[in-house]
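[1] structure, please.
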Amino acid sequence: MASNQDKTHNFEDSDVDIDEDGDELDVDEAWNDWNADENDENDDDDSEFKCLFCNFNFTSSDSMIQHCDSTHHFDFACLKKSLGLDFYGCFKLVNYVRAMVAQNSCWSCGHQCKSNQELLNHLHETKVSQEMKLLWDDDRYLQPFMEGDSLLYSFDQDEDFEEDECMQSVDEEELSRIVGEAKKLSSILGDVQKICSDDEVMVDADASSPTDSNREVTKVMPSTSIGSSSREAVVNGVDVGRDLSDAMKKNLSLRASFGRVAASEIKKVNESYFGSYSSFGIHREMLSDKVRMDSYSQAILKNPSLFGGAAVMDVGCGTGILSLFAAQAGASRVIAVDASEKMVAVASQIAKENGFLRNASTCKGSKQSSDVVEVVHGMIEDIEKTISIKPHTIDVLLSEWMGYCLLYESMLSSVLFARDRWLKPGGAILPDTATMFAAGFGRGCTSLPFWENVYGIDMSSVGKELAKDAAEHPIVDFVDNNDIVTETASLKNFNLATMKIEDMDFTSSIVLQPKSTSVAESGDKKHGLTWCHGVVLWFDNGFTSRFCKEMSANLSTSPYTPKTHWAQTIFTFREPILLSSGRLDVKSSAVVGTDSCPASKIEVRISIARAPQHRAIDISMETSAVSHDCRRQAWPVQIFNLS
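    Model (predicted):
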């Protein structure tokens, strides 16, 4: 269940055509509404503000601008303020961006992409400078690029901007004061927390989510440290029991407020994440992924002994096709759970039309009458509010939870929650294994070759600039196996039947050995010289014989196998490293990994952890080149964020 740029759109409440009143949707009515949404996707009568980069529409300019900032790294408010843009400057900027997007070109760096999807993956944060105004300082951008573009007439010239400046000044001043106070008290607060750690005030990041898997908790302060008459503590000679100063209490109150703000942001991320799966285009992409569908259908339909008479739970069911596979395989009950209200209506309708919807009469003309599939709306951590399921009564837990780089989206934590709550002892979880792999890639996987000859013009300076930018941002793209220049290394193995949520955060060290057959374009065939420009990650998922006894299956996103919608994830070195598969005579003073001293191998230490930004992951990469005489050259750690 990879999430591409289209899957992480940020919506304000009621801005997108999704029912928010909490009433239960009639299946047929919701299906018709969903179809109407698809047919009227660009209908300005319903949603008149079209995103600058993707096909989503909004009913207000504010929500659209916020979406562009959070999802596409385009901070309109920052550009307007930093560059001092007046009405006409904003007018030109909007038309310029729309014109660039129509050409699948990056508005800030000019990088030409092959498709809109590639452009969405490429978009990045940009350092604002006055020179940027030259990009759209052309009167042709005074002509609206898109007919009836409501955004062009939604921003005021001066009033709103001046008010924002005033408010920002006040906020920054207050924040500065708070930070100063917090620094003075941080030592005492820390010691108090150690003493009173058994009684904490917690700020729930998602009041409706009772599990650590989909909520974050902000520790505010031991409750006994505030206004406690029965307990006192002295830390560093200071009485911090009931005599805790008013300033400290105020500081704690502010921390609690900040925690509530963080909780609100996480809730918005969840709403945007699940709301984004209301787009049928995303589901078409996944359903069209033959590797994905073949592996799941084989694991389910070819193992009747596992599914016959079984109680099955499908976490994140989407259109419900995996749930229907389970019903076809003989399951007695299938609980299909999804947090997207629209897709629950769609999955219910599909199950009904195929004769599998529980408690529904068989449709006319249907060949099936199993009536085993229940489609439940809600996050998996909350569904007990909607449906009664006894703990440890599920025979098979089914989910397609994988994101880019395997762990992006952090949906695995929800699957593990469901496993611990409802799966029977010895019950099956599919898939039951996941393995991350890594390999070094060569120059052909970068944009350098393209820019060196653009219709006979050397534009390599652009390629070098893009390579520098790529060293700071992960790239999701397809890698040609011919561009892999090292042997494959196993980075991390997960046993889904036994792993814990904290195992999602890990550090692993690998050694990348040069391929004996890889030779760079200008390399030396005798010594097998080749440049390694970075590391590419991919993953496999196993439906092993542990549970799939009749027929096992494997889902691979490797560059050596047919393409999947997950592609691969690319992490570029700051500097390329020259590898040699043969031993060379080199100067002992030469830098390892260069022409003067090619490396014999590359040692890489990779850490992956769930990021503070909800559903994102942080990746750090430490790289060292090792020569044939065991000398080393290390580079500073690189930090990437996949969001």
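
[2] any idea of the mean pLDDT for stretch 581-589?
    Per-residue pLDDT values across stretch 581-589 average out to 71.

[3] same question for stretch 327-338.
    In this model, stretch 327-338 carries a mean pLDDT of 96.

[4] quick check: end-to-end length of it?
    End-to-end distance for stretch 327-338, by Cα to Cα, to the nearest Å: 17 Å.

[5] what residues of it count as buried?
    Of all the residues in stretch 327-338, those buried under the rule 16 or more other Cβ atoms under 10 Å are A327, Q328, A329, G330, A331, R333, V334, I335, A336, V337, D338. To be clear about C-beta, it is placed using only N, CA and C from the backbone, and glycine gets the same treatment.

[6] farthest-apart pair in those, please.
    In terms of Cβ to Cβ, the buried residues of stretch 327-338 reach their longest pairwise distance at G330 and D338, which sit 22.8 Å apart.

[7] with the buried residues of stretch 327-338 in mind, which one is nearest to N495?
    Closest approach to N495 among the buried residues of stretch 327-338 (Cβ to Cβ): V337, at 23.1 Å.

[8] got a list of what the nearest residue to the closest one once chain neighbours are set aside touches?
    Closest residue to V337 apart from its sequence neighbours, by Cβ to Cβ, 6 or more residues apart in numbering: V376 at 4.9 Å. Neighbour list for V376: I335, A336, V337, D338, V344, I383, T386, I387 [criterion: Cβ atoms under 8 Å, 6 or more residues apart in numbering].

[9] for M459, same thing?
    W451, E452.

[10] 6 Å instead?
    Taking Cβ atoms under 6 Å, 6 or more residues apart in numbering as the criterion, M459 is in contact with W451.

[11] measure it to P636 for me?
    Relative to P636, M459 is positioned 29 Å away (criterion: Cβ to Cβ, to the nearest Å).

[12] where does pLDDT dip in the chain?
    Applying pLDDT under 70 to the chain picks out residues 1-47, 155-281, 283, 359-370, 517-527, 584-587.

[13] what lies in contact with the host helix or strand of S607?
    With the criterion set as DSSP states H and E, the secondary-structure element containing S607 is strand 601-610. Under the contact criterion Cβ under 6 Å, 6+ apart, strand 601-610 has outside partners 410, 505, 507-513, 577, 617-626.

[14] list buried residues within those residues.
    Judged by neighbour count, with buriedness set by 16+ other Cβ under 10 Å, the buried members of these are 410, 508, 510, 512, 577, 617-619, 621-626.

[15] how close does the residue nearest to K424 when sequence neighbours are not counted sit to Q143?
    The shortest distance from K424 to any residue that is not its chain neighbour, by Cβ to Cβ, 6+ apart, is 5.2 Å, and that residue is H392. Per Cβ to Cβ, H392 is found 65 Å from Q143.

[16] rewinding a little: helix, strand or coil for the residue nearest to V337?
    Reduced to three states with DSSP: H, G, I helix; E, B strand; the rest coil, the structure at V376 is strand.

[17] before we move on, back to that, give me the buried positions along the strand holding S607.
    Of the residues in strand 601-610, those with enough neighbours to count as buried (16+ other Cβ under 10 Å) are K601, I602, E603, V604, I606, S607, I608, R610.

[18] and for F356, the neighbour number?
    Neighbours of F356 under the rule other Cβ atoms under 10 Å: 28.

[19] for it, grab phi and psi.
    According to degrees, to the nearest 10, the main-chain angles of F356 amount to phi -110, psi -10.

[20] before we move on, the earlier item: for the buried residues of strand 601-610, which one is nearest M64?
    Comparing the buried residues of strand 601-610 against M64 with Cβ to Cβ picks out R610 as the nearest, at 28.7 Å.

[21] measure that closest one to I380 for me?
    When Cβ to Cβ is applied, the distance between R610 and I380 equals 17 Å.

[22] same question for A489.
    Distance, A489 to I380, by Cβ to Cβ: 33 Å.

[23] the more surrounded of these two?
    Neighbour totals were compared for A489 and I380, and I380 leads with 26 against 19 (other Cβ under 10 Å).
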